[in-house]
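Novice: Give the three-dimensional model of this entry:
(one chain, ligands or ions: 1)
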Amino acid sequence: MSRGNVRVRPAATSDISELTALSVDHGLADHLGRRGRKTDTTSMADRYVSLLGDPDRLVLVAVDEATDNLVGFAVLVEERVGVLTPTATLYISHLLVAPSYRKRGAGRALLTAAVRHAEDREVGHVVVGVQAAARDANRYLARLGFAPLVVRRIASVQTLRRSLSIVDSLDRVALRRRRTTVRGVLPGRVVGRGA
Ligand SMILES: CC(C)(COP(=O)(O)OP(=O)(O)OC[C@H]1O[C@@H](n2cnc3c(N)ncnc32)[C@H](O)[C@@H]1OP(=O)(O)O)[C@@H](O)C(=O)NCCC(=O)NCCS
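Specialist: Next up, the predicted model:
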């Protein structure tokens, strides 16, 4: 599928180095791999190898037809939202266009391909994951008709122990100490007995 001078197609293994470079350059290592390590590029490339081999996911790439350079990508997966009244959706977990190529229709071309994919799978809704603080991206998506869905917040277990003033019984303190000594870290499943 082509839009202007951008063509969108499913990613191939030969795209992995360009996908990796684009992702690492734009700080996506947090989400697709691990960040803050020397192995950023390696772990991101590994992540793409498994994404491309995952039959439930589809990675689309936008390619500049003149240069054949990869200028953007989207990662798609079918997902049901809503636990009580599940609705089938096509979830776009990542949508990224290289800064030098923005405002030329590559984002639209990727979203158009996602809509066609949703139609082919008879999925009635498309969801895009976007950081709440990304104002321009939120405005862009809102203009295209995306409404806010849910806001998920994240906190470390340690933060929650402090904010909830969780106090452990003596046996639980001993258990936590033992686990810390053995494993070096506290397991996420440790739950206090109430404040
Ligand atoms: C959000 C994002 C994917 C949009 O990609 P893009 O390629 O710039 O998107 P488009 O080119 O389709 O549209 C961008 C704007 O350029 C305009 N535009 C498109 N083609 C144009 C052209 N030829 N001339 C002038 N303007 C154009 C569009 O109308 C749109 O305007 P709007 O923002 O006022 O609605 C991109 O900005 C991005 O990668 N952001 C960082 C990552 C991110 O936040 N992703 C979001 C969800 S994960």
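Novice: Assign residue 72 to helix, strand or coil.
Specialist: Classification of residue 72 by DSSP: H, G, I helix; E, B strand; the rest coil places it in strand.
Novice: Which neighbouring elements make contact with the helix or strand where residue 58 lies?
Specialist: Per DSSP states H and E: residue 58 is located in strand 57-64. In terms of contacts (3 or more C-beta pairs under 8 Å, 6 or more residues apart in numbering; DSSP states H and E), strand 57-64 is packed against strand 6-10, helix 16-25, helix 40-53, strand 70-81, helix 106-120. (C-beta placed from N, C-alpha, C; glycine too.)
Novice: give the contact list for the closest residue to the ligand within the chain.
Specialist: Nearest residue of the chain to the ligand: residue 107, at 2.5 Å (C-beta to the nearest ligand atom). Residues in contact with residue 107 (C-beta atoms under 8 Å, 6 or more residues apart in numbering) are 72, 95, 97, 140.
Novice: pLDDT wise, what is it at?
Specialist: pLDDT for residue 107: 97.
Novice: what sits against the residue nearest the centre of the chain?
Specialist: In the chain, the residue lying closest to the centroid (C-alpha atoms, centre = their mean) is residue 93, at 3.9 Å. Residues near residue 93 by C-beta under 8 Å, 6+ apart: 31, 75, 76, 77, 129.
Novice: how about 7 Å then?
Specialist: Shown in contact with residue 93 (C-beta atoms under 7 Å, 6 or more residues apart in numbering): 75, 77, 129.
Novice: that's a strand at it, yeah?
Specialist: Yes: Residue 93 sits within a strand when classified using three-state DSSP.
Novice: No more questions from me, cheers.
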